[in-house]
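In: quick one, structure for this:
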Amino acid sequence: MMTSATTLHEDHGHHGPAKGLMRWVLTTNHKDIGTLYLWFAFTMLLIGGSMALIIRLELFQPGMQLIEPEFFNQMTTMHGLVMVFGAIMPAFVGMANWLVPMMVGAPDMALPRMNNLSFWILPFAFGMLILTLFSEAGAPNFGWTFYAPLSTTYAPSSVTYFIFGVHLMGISSIMGAINIIATILNLRAPGMTLMKMPLFVWTWLITAYLLIAVMPVLAGVVTMMLMDIHFGTSFFNAAGGGDPVLFQHVFWFFGHPEVYIMILPAFGIVSQIIPTFARKPLFGYSSMVYATASIAFLSFIVWAHHMFTVGLPLATELFFMYATMLIAIPTGVKVFNWVSTMFNGSMTFETPMLFAVAFVILFTIGGFSGLMLAIAPADFQYHDTYFVVAHFHYVLVPGALFAIIAGVYYWIPKWCGRYYNETLGKWHFWLSFVGVNVTFFPMHFVGLAGMPRRIPDYALQFADFNAVASIGAFIFGLSQILFLYIVIDAIRNGKKATDEVWEGTEGLEWTLPSPAPYHSFSEPPEVK
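Out: Numbers count the residues shown, from 1 in each chain. Purely as a prediction, here's the structure:
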């Protein structure tokens with residue numbers, strides 16, 4: 001017998017239902033925990049975003065304006081860490097918590113108490129990380145990739161708190177991933193085979209395996225740092241027989257699959273939204289599943305493309321160059337399938353669809369610049385310039401972040417039973433779309449012209465494009481406050497959502513492969 005959602009988060013031992021604040025602290029209900037993750041991620045988005053605006057404010061003009069170079073380095077470091085581990089990943093986990101049990105017809109996540117713990121670790125991890133800004137030693141200042149020896153020999157003493165924070169984030173991620181795998185593999189409704197699952201569930205299943213594979217690697221590399229700093233080892237110290245390049249190998253063996261952890265769930269969200277608003281089933285369902293799995297596999301064997309300039313043997317550079325280019329094939333399959341789904345569909349452009357279509361176009365631009373960076377001899381020119389910054393921000397902002405925003409607009413009627421304001425949603429989309437392109441597109445040009453990244457000052461010839469980028473950043477950043485207003489307004493005074501939610505999309509709501517399988521939230525199909 002399935003437990004109803006209300007009894008789930010009220011069952012805390014024998015003390016009756018938990019009230020008020022304690023309900024959120026003790027909850028084991030997947031919807032509550034999904035909500036906690038989403039609000040936490042949004043808070044981190046605003047914190048990390050304000051750090052980015054400090055960076056762009058300093059870079060508005062050449063010369064040193066507002067902040068010390070040291071503080072600039074702290075901002076670039078903290079911005080990257082907060083956005084990757086605090087905003088993008090928890091937002092996807094929050095969506096998985098909300099949607100995966102509903103999509104597979106499960107009463108809740110498989111391990112509800114662990115689910116609660118995996119969330120509540122995060123505020124403490126990030127509290128510790130952000131509070132280093134107020135410490136005497138200062139916040140971490142060695143870049144979000146924390147390369148040794150910058151992060152070992154020359155790091156501020158707050159690096160120890162950073163290492164502990166990373167351990168906590170990793171524990172949280174591993175627990176969340178185990179929970180998602182257990183839920184999908186053990187709690188599917190009768191008749192829902194793996195190849196009948198919605199694509200969002202598939203992308204998360206694959207992402208969860210990636211997390212379990214790479215989070216221990218990250219834990220390993222920060223533990224080696226800890227040993228070098230406090231216990232006299234020399235993993236990364238050349239003076240003691242170690243090698244700083246070893247750090248890069250271990251870090252990127254985690255770091256490259258991590259990039260795909262941040263984009264695969266986005267593929268899943270977009271694969272749910274596009275069929276709904278094209279009003280036809282997703283084109284090439286099984287090829288989407290196989291493409292996702294191939295991308296995940298290939299993500300493990302391309303890590304050294306981040307390291308073309310460290311002096312790898314030529315054969316190694318060739319291997320990593322071709323392996324990286326190979327990822328373009330399954331990614332291209334996905335883009336082709338999304339475009340084919342839209343082709344000849346009865347498309348309407350509500351806010352979720354606008355963000356999803358922008359995702360497809362802009363993520364593809366990020367993919368093309370990635371293909372340029374994959375070419376080893378060309379990468380020698382692009383490496384450590386703003387071209388790289390432009391590339392990964394095109395993948396992560398109009399990529400991962402736009403997909404998250406699209407998912408919020410798409411599912412908020414399901415989550416709170418109310419519609420958001422469509423006019424304001426479209427305003428939010430256009431401001432974000434213009435802001436993000438005005439910010440990051442000029443970075444391709446200054447990067448190709450040789451402007452180095454992570455430097456608080458620059459040569460005069462880069463002034464105009466930097467001014468443009470800074471203006472774009474403020475347009476994009478401030479438009480997210482409109483997003484906050486839209487979400488709160490929908491929860492409080494949105495008009496009541498109907499069962500069909502999106503007009504003319506009945507049966508496509510979860511965008512299942514055709515024919516629709518039996519699942520727990522519709523009538524079973526008639527037996528012929």
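
In: pretty sure Lys426 contacts Met353?
Out: No - with contact defined as CB atoms under 8 Å, Lys426 does not count as touching Met353 (10.7 Å). Placement of C-beta: from N, CA and C, glycine included.

In: and the next helix or strand past the worst-scoring helix or strand of the chain on mean pLDDT?
Out: Using mean pLDDT, DSSP states H and E, helix 5-10 stands out as the lowest-scoring helix or strand of the chain, at a mean of 42. Remark: after helix 5-10, the chain's next helix or strand is helix 20-26, criterion DSSP states H and E.

In: and the closest residue to Ala182 other than its chain neighbours, how far from Phe200?
Out: Closest residue in space to Ala182, ignoring its immediate chain neighbours: Ala110 at 3.7 Å, by CB to CB, 6 or more residues apart in numbering. The gap separating Ala110 from Phe200 is 17 Å, by CB to CB, to the nearest Å.

In: looking at the two, which one has more neighbours?
Out: Comparing Ala110 with Phe200 by other CB atoms under 10 Å, the one with more neighbours is Phe200, at 26 against 20.

In: out of Lys426 and Met353, which sits in the more crowded spot?
Out: The residue with more neighbours, out of Lys426 and Met353, is Met353; 23 against 14, by other CB under 10 Å.

In: surely that one meets Ile274?
Out: Yes - using CB under 8 Å, Met353 makes contact with Ile274 at a distance of 7.3 Å.

In: what average pLDDT does stretch 383-394 get?
Out: For stretch 383-394, mean pLDDT rounds to 98.

In: restrict that stretch to CA atoms and write it as PDB.
Out: This file holds the C-alpha atoms of stretch 383-394, laid out as PDB (Å, rounded to 0.1, in the frame of the first residue of the first chain):
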ATOM      1  CA  HIS A 383      44.400  28.000 -23.100                       C
ATOM      2  CA  ASP A 384      44.000  30.200 -20.100                       C
ATOM      3  CA  THR A 385      42.300  33.000 -22.100                       C
ATOM      4  CA  TYR A 386      38.800  34.400 -22.000                       C
ATOM      5  CA  PHE A 387      37.900  32.100 -24.900                       C
ATOM      6  CA  VAL A 388      37.800  29.200 -22.400                       C
ATOM      7  CA  VAL A 389      35.700  31.300 -20.000                       C
ATOM      8  CA  ALA A 390      33.300  32.000 -22.900                       C
ATOM      9  CA  HIS A 391      33.100  28.300 -23.800                       C
ATOM     10  CA  PHE A 392      32.300  26.900 -20.400                       C
ATOM     11  CA  HIS A 393      29.900  29.700 -19.500                       C
ATOM     12  CA  TYR A 394      27.900  29.000 -22.700                       C
END
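
In: now do that stretch: everything it contacts.
Out: Outside stretch 383-394, the residues within contact range by CB atoms under 8 Å, 6 or more residues apart in numbering are 259, 308-309, 362-363, 365-366, 369-370, 372-373, 382, 439-441, 443-444, 446-448, 450-454.

In: centre of the chain versus it, how much separation?
Out: A distance of 17 Å separates the centroid of the chain from that of stretch 383-394, by CA atoms, centre = their mean, to the nearest Å.

In: can you pull the buried residues of it?
Out: Residues of stretch 383-394 classed as buried by neighbour count (16 or more other CB atoms under 10 Å): His383, Thr385, Tyr386, Phe387, Val388, Val389, Ala390, His391, Phe392, His393, Tyr394.

In: which element is the fifth one on?
Out: When secondary structure is defined using DSSP H and E, the element that contains Val388 is helix 386-395.
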